[in-house]
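>>> no sequence for this one, just the structure:
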């Protein structure tokens, strides 16, 4: 074999070896050629299928034959040029990335004594998710919502349950009016069953989130959360916010004193300790190769899908996705 390689035209090393094999041995059988090539059967079968799809191989009654080299190289070159043209088009239209990257730059970690103002709702939600994901010891919250929508619960559950499984203390104060909403009560029961401590207050105007007693998030205007949020790690401000939380906590009532014990309508974790969405992501992760496909199948964002995947790798103590799939099958989770 000369030094020339078809990899520049998009073929894998195995596909090239298979194509060259049939150039040397036209009208021969494709059966068991993986033994001749000393390659895994699945890899060779995949190469055969791809080469046939590209019309570089054709199979007749007498066996398999490679297409003429000039036709093959011409076809591969045309395909590769189209791919490169599309990539070039995307590169020339990449200026829009500046805005997205600027947003990431603005969301960089706070200086030790900084206060950051965030006004875009999506960025605020992403920051809250990141703070919860990287929390190590404790999450405190005061949240005066009157009801949680199914979307709210589906978004919050994976991170909440992950935190509780990792032994992170969660203390939360909610509004008493929220207890009139059955789905909200069911989710609060689920949280307490997994170790969260929840108290209820008759009236609340404050909105507080504190992570590991180091980072606090509060609204710019508690009466109008659409105006944005403030995030701080400044020790004096965090200390005062913590003192306010403890005052609200001390005057609140334990949830168990106000609601009946959980019944059959509650939604506990599955037997393997995964939430419903985590189980679905695990199955998709083992079934499809691309995150975009798995996220689309579950009707969630790619970012959320990847966060679940990262969580599953940690839960399974897996070094990679194939390793996670193997461990999940061994445990009978899929």
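Ah, there it is. Just so it is clear, the structure is predicted and the values come from calculations on it, not from any experiment.
>>> Now residue 28. Its backbone dihedrals?
Main-chain dihedrals, residue 28, degrees, to the nearest 10: phi -110, psi 170.
>>> What residues does it make contact with?
22, 63, 64 (C-beta atoms under 8 Å, 6 or more residues apart in numbering). Placement of C-beta: from N, CA and C, glycine included.
>>> Quick check: the gap between it and residue 65.
Distance of residue 28 to residue 65, given as C-beta to C-beta, to the nearest Å: 8 Å.
>>> List the residues that are in contact with both of the two.
With C-beta under 8 Å, 6+ apart, residue 28 and residue 65 have common neighbours residue 22.
>>> per-residue confidence at the nearest residue to residue 226 once chain neighbours are set aside?
Among residues not flanking residue 226 along the chain, residue 121 sits closest, at 7.6 Å (C-beta to C-beta, 6 or more residues apart in numbering). Predicted confidence (pLDDT) for residue 121: 86.
>>> Roughly how far does residue 121 sit from residue 114?
Taken as C-beta to C-beta, the span from residue 121 to residue 114 is 21 Å.
>>> can you check residue 10 too?
49 Å.
>>> Now do the domain split for the protein, please.
Per automatic domain parsing, the domain ranges recorded for the chain read 7-92, 118-257, 276-331.
>>> Select, out of these, the one closest to residue 98.
domain 7-92 (13.5 Å; C-beta to C-beta).
>>> if you average pLDDT over the closest one, what comes out?
Across domain 7-92, the average pLDDT comes to 89.
>>> Start and end of it, how far apart?
Taking C-alpha to C-alpha, to the nearest Å, the first and last residues of domain 7-92 lie 25 Å apart.
>>> again, but for stretch 224-231
Termini of stretch 224-231 sit 16 Å apart (C-alpha to C-alpha).
>>> Buried ones in that stretch, by neighbour count?
Neighbour-count burial for stretch 224-231 flags 228, 229, 231 (criterion: 16 or more other C-beta atoms under 10 Å).
>>> Now do the contacts for the first one.
For residue 228, the contacting residues are 117, 118, 119, 120, 124, 219, 220, taking C-beta under 8 Å, 6+ apart as the criterion.
>>> what about residue 147, distance to residue 93?
43 Å.
>>> OK, contacts around residue 36?
Residue 36 touches residue 21, counting by C-beta under 8 Å, 6+ apart.
>>> Which helix or which strand is home to it?
helix 33-37 (DSSP states H and E).
>>> Pull out the buried members of the contacts of residue 228.
118, 124, 219.
>>> Tell me if I'm right that the first one and residue 124 touch.
What that stands for is residue 118. Yes: here residue 118 reaches residue 124: they are 5.1 Å apart, a contact under C-beta atoms under 8 Å.
>>> Kindly point out which residues are neighbours of both of these two.
228, 229.
>>> from memory residue 191 sits against residue 160, does it?
Yes: Residue 191 lies in contact with residue 160 (C-beta under 8 Å); the separation is 6.2 Å.
>>> hey, what's in contact with both of the two?
Joint contacts of residue 191 and residue 160 (C-beta under 8 Å, 6+ apart) are residue 170.
>>> that older thread, between residue 147 and residue 93, point out the one with more neighbours.
Taking neighbours as other C-beta atoms under 10 Å, residue 147 and residue 93 compare with residue 147 leading, 14 against 9.
>>> And the closest residue to that one other than its chain neighbours, how far from residue 207?
Nearest residue to residue 147 in three dimensions, chain neighbours excluded: residue 181, at 4.0 Å (C-beta to C-beta, 6+ apart). Residue 181 sits 18 Å away from residue 207 when distances are taken as C-beta to C-beta.
>>> just residue 256 next, same as before
24 Å.
>>> what about these two, which has more around it?
Neighbours per residue (other C-beta under 10 Å) separate residue 256 from residue 207, with residue 207 holding more: 18 against 14.
>>> Now do the contacts for that one.
142, 143, 144, 218, 219, 222, 225.
>>> and if you look at residue 295?
301, 302, 304, 305.
>>> what about it, helix or strand, and which?
helix 291-298.
>>> Likewise for residue 91?
With DSSP H and E as the test, residue 91 turns up in helix 69-92.
>>> Please apply the same query to residue 15.
helix 13-24.
>>> Show me which parts of that helix are buried, residue by residue.
Within helix 13-24, the residues scored as buried using 16+ other C-beta under 10 Å are 14, 15, 16, 17, 18, 19, 21, 22.
>>> mean confidence score for the helix or strand encompassing residue 101?
Secondary structure from DSSP H and E places residue 101 in helix 97-106. The average pLDDT for helix 97-106 rounds to 69.
>>> What is the neighbour count of residue 287?
For residue 287, using other C-beta under 10 Å, the count is 12.
>>> can you give me the strands in this protein?
Using DSSP state E, the strands of the chain run over residues 57-60, 63-66, 115-118, 138-143, 169-175, 197-201, 208-211, 215-219, 229-232, 253-254.
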